[in-house]
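K.L.:
structure, please.
(chains A and B)
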Amino acid sequence: MWLTRAGPPAVAGGSSARAERIGGGAPHRLPVPTVPRAARAARWLRSAEVRHQAWGYLFLAPMFLLLVVFKFIPMIQALYLSLTTYDLLSPPRFVGLRNYMTLLGDPLFHQSVGVTVYYVFGTCGFIWFLSLAMALIFNAPLPGKNLLRTIYFLPAIVPVVVYAVIWQFLFHPYGLLNVALHAVGLPAIHWLTDTRAVMPGFILAALWRFVPYFMIVYLAGLQNIPHEYYEAAAIDGAAGVQAFRYVTLPLLRPTILLVVVVSIILMSKVFTNVLIITGGGPDGATRVLSLFIYQTGFQFFKMGLASAASIFLLLGTMTFTLLQLRLFRDDARG
Amino acid sequence: MPAGRRQDALYWCGVLLVAGWGLVQLAPILWMISTSLKPLREVFALPIQWVPRPPQWANYPEAWNHFPFARYFANSFIVSASVTVLNVLLAGMAGYSLAKYRYFGQRALFIAVLSTLMLPIEVLMVPTFLIVKSLGWLNTYQGLVIPVVADAFGIFLMRQYLLSLPDSLVEAARIDGAGELGTYFRIVVPLSWPAVLTLAIFTWRETWDAFVWPFIIITDDSLRTVPIGLQRFQEQYVTTYNSVMAISTVAMIPMVLLFFFFQRAFIRGIALSGLKE
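P.N.:
Sure thing, here's the model as predicted:
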């Protein structure tokens, strides 16, 4: 991947040339103090350095404005709303930290956090290992590799609503999952109505979709490892498991960390399939945080309480994103 | 050599295992397609009939005509195309600014841009909804498009790519009098084609597949996109499995086509999306 190859910004040449231009201008100013201020300002504005800076800002501005309106302002507004009660009809009323107190004492919120953590770590624990194993297999010579890889990858490119619809169908009491269980002599499971079975079902569905997804990320990392390393290791007598232990794993470390963090963040945003398949039931056993926020805000119109819940979700994902940015920086440096 | 033969046998066992598991992975999709071609009373018939005989093709037009799916596809197309064009254009320019210009406050602005990557719509759905509402954009195309364009992943991707592009190329174009816009559009964009294509495919896929945002702001049926239309259809005809599966199969086709035609850019986008999520 070219991203990992991108070196540090190559600015030395350009900026020193500009510095010369600025420096060259300085002694110039002394002999001509009588030039009117306006003319001086006009010349300064025409100077290459200012034009350069202005174009820099101009190129950034449109996107930056959009980010301000649709990311920064909403963020501030979420913080503000979380301190109010607001039902969309009457104006927001300041209540201090009451929403946070309400959430901390709300068993439904506790359940929602618990369900989210269960889902996130239940899926990620499997994803980390299974997708690596799958990537290792596909990194080896295989007959019909392209076809096989496409087949494995198909679940990851299915639209998310189709993914939800397919799995709701699979979870049907007479669906494919129970047919398969029956075929190997196991009793049928009530995937959608049994509070203990529903989350493992969702985890199974997530693995079907996301193991191939993260396999792609791992595969990109594996293909970045130069072949010479394995040849050198082979000369030293390391092959198979040993080569994996002493060559692949250490060199794959940045990718592994990336997958760990990204999968956690991606899973904690789960919404669509839960909404479609169970709507949070049975008994709130699948009411993940984003669904809790949606229901609180858009079904009960408690915008303040929903915002406070968003802040909790944000704190969770932010921790991992910061971690990831940090890791990425280290990666770029090393 | 017996050892070699044993290893060969092991290897082919592994290949068989991989292929077999591939079939398991594929089974849900095959089941969807085969169900879409069955009469309703045979949907759960055992043993499973993978190739329905005769295939009931009429399920497709029947399901398609229950809801205005042509309209939904047109909407999805309009929204995805607009978001992709605008995002690639604006994110590319912003990434270029951050990679090839030097100005006061650049580092702080870049960090500000990066920080928005941790604010997905799932977190900001309430305030973003309120802002779009106050702009009067509920149930409009601009409401579906503009907030989605505001995504920093492209800035980040383009900046990283452009950093690896030699400064001398840009300087040379400027000295040749190409002008700032000319330098960007005629020199930089053609040179960063792989990154532009990756970003375009990635954005298209994300937008085509977006559910949460249109779900929140669209109540007008004539503005629904395919994911929302499919969800509504599924809600209403939940037990008409063959129809639901027929529509799902149709909804899957554009994504599969996109994958086949742009496989490399598609996969590169996913491999890089780690930087986004």
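K.L.:
mind listing what the closest residue to chain B within the stretch 151-300 of chain A touches?
P.N.:
As assessed by Cβ to the nearest Cβ, chain B sits closest to residue A:220 within the stretch 151-300 of chain A, at 3.8 Å. Using the backbone N, CA and C atoms, a C-beta is placed for each residue, glycine as well. Taking Cβ atoms under 8 Å, 6 or more residues apart in numbering or on different chains, we find residue A:220 in contact with A:1, A:255, B:267-268, B:271.
K.L.:
mind giving me the PyMOL command for buried ones among these?
P.N.:
Buried residues within the contacts of residue A:220, by 16 or more other Cβ atoms under 10 Å in any protein chain shown, are selected in PyMOL with:
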select buried, (chain A and resi 255) or (chain B and resi 267+268+271)
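K.L.:
just the element for the residue of the stretch 151-300 of chain A closest to chain B, please.
P.N.:
Counting by DSSP states H and E, the element that carries residue A:220 is helix A:198-223.
K.L.:
what about the residue of the stretch 1-150 of chain A found nearest chain B, which SS state?
P.N.:
For the stretch 1-150 of chain A, the nearest residue to chain B under the criterion Cβ to the nearest Cβ is residue A:56, separated by 3.1 Å. Taking DSSP: H, G, I helix; E, B strand; the rest coil as the rule, one finds residue A:56 in the helix state.
K.L.:
quickly find the element holding residue A:129.
P.N.:
Take DSSP H and E as the rule and residue A:129 turns out to sit in helix A:107-139.
K.L.:
now do the strands in chain B.
P.N.:
Secondary structure of chain B by DSSP state E: no strands are present.
K.L.:
pull the helix or strand with minimum mean pLDDT from it.
P.N.:
Here the helix or strand of chain B ranked lowest by mean pLDDT, DSSP states H and E is helix B:263-272, holding a mean of 79.
K.L.:
by proximity to chain A, which residue of chain B wins?
P.N.:
Closest point on chain B to chain A, by Cβ to the nearest Cβ, is residue B:101, at 3.1 Å.
K.L.:
need the nearest residue in space to that residue, chain neighbours excluded.
P.N.:
Of all residues beyond its chain neighbours, the one nearest residue B:101 is residue A:56 (3.1 Å), with distances taken as Cβ to Cβ, 6 or more residues apart in numbering or on different chains.
K.L.:
and residue B:246, by the same measure?
P.N.:
Nearest one to residue B:246, counting by Cβ to Cβ, 6+ apart, is residue B:36 at 4.0 Å.
K.L.:
phi, psi of that neighbour?
P.N.:
The phi/psi pair for residue B:36 (degrees, to the nearest 10) reads phi -70, psi -10.
K.L.:
hang on, it packs against residue B:60?
P.N.:
Yes - contact criterion Cβ atoms under 8 Å: residue B:36 and residue B:60 qualify, at 7.3 Å.
K.L.:
compare the two and say which is more crowded by neighbours.
P.N.:
Set side by side, residue B:36 and residue B:60 show more neighbours around residue B:36, with 25 against 17, by other Cβ atoms under 10 Å in any protein chain shown.
K.L.:
next up, the contacts around that one.
P.N.:
Applying Cβ under 8 Å, 6+ apart to residue B:36 gives the contacts B:59-60, B:242, B:245-246, B:248-249.
K.L.:
same check, this time on residue A:288
P.N.:
Listed by Cβ under 8 Å, 6+ apart, the contact set of residue A:288 reads A:112, A:115-116, A:119, A:270-271, A:274, A:280.
K.L.:
ok, it to residue B:193 distance?
P.N.:
To residue B:193, residue A:288 is 40 Å away according to Cβ to Cβ, to the nearest Å.
K.L.:
now do stretch B:145-163: distance from first to last residue.
P.N.:
29 Å (Cα to Cα, to the nearest Å).
K.L.:
what comes up buried for it?
P.N.:
B:145-163.
K.L.:
I figured residue B:155 hits residue B:91, correct?
P.N.:
Yes - shown here, residue B:155 and residue B:91 form a contact pair, counting by Cβ under 8 Å, at 4.8 Å.
K.L.:
which residues are in contact with each of the two?
P.N.:
Jointly contacting residue B:155 and residue B:91 under the rule Cβ under 8 Å, 6+ apart are residue A:63.
K.L.:
hmm, stretch A:159-178 in reach of chain B?
P.N.:
Yes - using Cβ under 8 Å from any Cβ of the partner chain, we find that stretch A:159-178 touches chain B at A:159-162, A:164-170, A:172, A:174-176.
K.L.:
that stretch: how far from the chain's middle?
P.N.:
25 Å (Cα atoms, centre = their mean, to the nearest Å).
K.L.:
same check on stretch A:222-233?
P.N.:
A distance of 29 Å separates the centroid of the chain from that of stretch A:222-233, by Cα atoms, centre = their mean.
K.L.:
also stretch B:139-147?
P.N.:
Relative to the mean C-alpha coordinate of its chain, stretch B:139-147 is positioned 17 Å out (Cα atoms, centre = their mean).
K.L.:
before we move on, what about stretch A:106-118?
P.N.:
A distance of 21 Å separates the centroid of the chain from that of stretch A:106-118, by Cα atoms, centre = their mean.
K.L.:
repeat for stretch A:117-136
P.N.:
A distance of 15 Å separates the centroid of the chain from that of stretch A:117-136, by Cα atoms, centre = their mean.
K.L.:
buried stuff in that stretch?
P.N.:
Buried, per 16+ other Cβ under 10 Å, within stretch A:117-136: A:118-120, A:122-124, A:126-128, A:130-132, A:134-136.
K.L.:
greatest separation within those: which pair is it?
P.N.:
Greatest spacing in the buried residues of stretch A:117-136, by Cβ to Cβ: A:118 and A:136 (28.3 Å).
K.L.:
hang on, residue B:34 packs against residue B:56?
P.N.:
No - between residue B:34 and residue B:56 there is no contact under Cβ under 8 Å: 10.8 Å.
K.L.:
any idea how far the closest residue to residue B:183 other than its chain neighbours is from residue B:95?
P.N.:
Leaving aside its chain neighbours, residue B:183 sits nearest to residue B:173 (4.3 Å; criterion: Cβ to Cβ, 6+ apart). Noted for residue B:173: a distance of 17 Å to residue B:95, by Cβ to Cβ.
K.L.:
just give me the neighbour total for residue A:256.
P.N.:
Residue A:256: 15 surrounding residues under other Cβ under 10 Å.
K.L.:
ok now do it, which residues does it touch?
P.N.:
Taking Cβ under 8 Å, 6+ apart, one finds A:128, A:132, A:221, A:249 in contact with residue A:256.
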